[in-house]
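Colleague: Provided below for reference: sequence and predicted model.
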Amino acid sequence: MSAPLPRIRKVFVRGLELQARLGVFPHEKVGPQRIRMHIELDVVDESAAIGIGPDDLNRVVDYGHLVHAARAAVAQGHVLLVETLAETVADIALRDTRVLHARVSIEKPDAFADTDCVGVTVERMRG
């Protein structure tokens, strides 16, 4: 008989707006620009087998930590590629061994006047 599949919890941060020093073009290097970040994690729900787990922050991935980690990644300084910033945030999320999959999207809403936004989504899996 095969082992039961792990139960998964989704943890997310949507629409985190930050000022980031980001881009390869000269006008992007003179100062920060507004970005919008979305983070979604697939997390092993260790207490799912026993029903409702203890009401304790230590048993879950803290989305507050994700927000602080994203802010810290942006504060590191100028990054040329939006992909690099997204990969950095995904890597930070995967440091928690309960995280199986990280999806990080970064939008640049002010890049072009005639678009809602441009950006990238990066997905990384444990393994």
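Modeller: Received the coordinates, thanks.
Colleague: E123 is in what secondary structure piece?
Modeller: strand 118-125 (DSSP states H and E).
Colleague: correction: V74
Modeller: Going by DSSP H and E, V74 is part of helix 63-75.
Colleague: which helices and strands sit right next to the helix or strand just after that helix?
Modeller: Once helix 63-75 ends, the next helix or strand along the chain (criterion: DSSP H and E) is helix 82-94. In terms of contacts (3 or more Cβ pairs under 8 Å, 6 or more residues apart in numbering; DSSP states H and E), helix 82-94 is packed against strand 33-44, helix 63-75, strand 99-108, strand 118-125. From N, CA and C alone the C-beta is placed, and that goes for glycine too.
Colleague: quick one: the longest one to strand 33-44, angle?
Modeller: Relative orientation of helix 63-75 with respect to strand 33-44: 140 degrees, computed using axes from the mean of the first three to the mean of the last three Cα atoms, to 10 degrees.
Colleague: what bits of this protein have low per-residue confidence?
Modeller: Across the chain, the ranges flagged by pLDDT under 70 are 1-6, 48-52.
Colleague: tell me the centre residue of it?
Modeller: Taking Cα atoms, centre = their mean, the centroid of the chain lies closest to I39, which sits 3.3 Å from it.
Colleague: now the helices and strands packed on helix 82-94 in JSON lines, with distance to R7?
Modeller: Shown next, in JSON lines, are the helices and strands packed on helix 82-94 (distance: least, Cβ to Cβ, whole Å):
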{"stretch": "strand 33-44", "distance to R7": "8"}
{"stretch": "helix 63-75", "distance to R7": "19"}
{"stretch": "strand 99-108", "distance to R7": "11"}
{"stretch": "strand 118-125", "distance to R7": "17"}
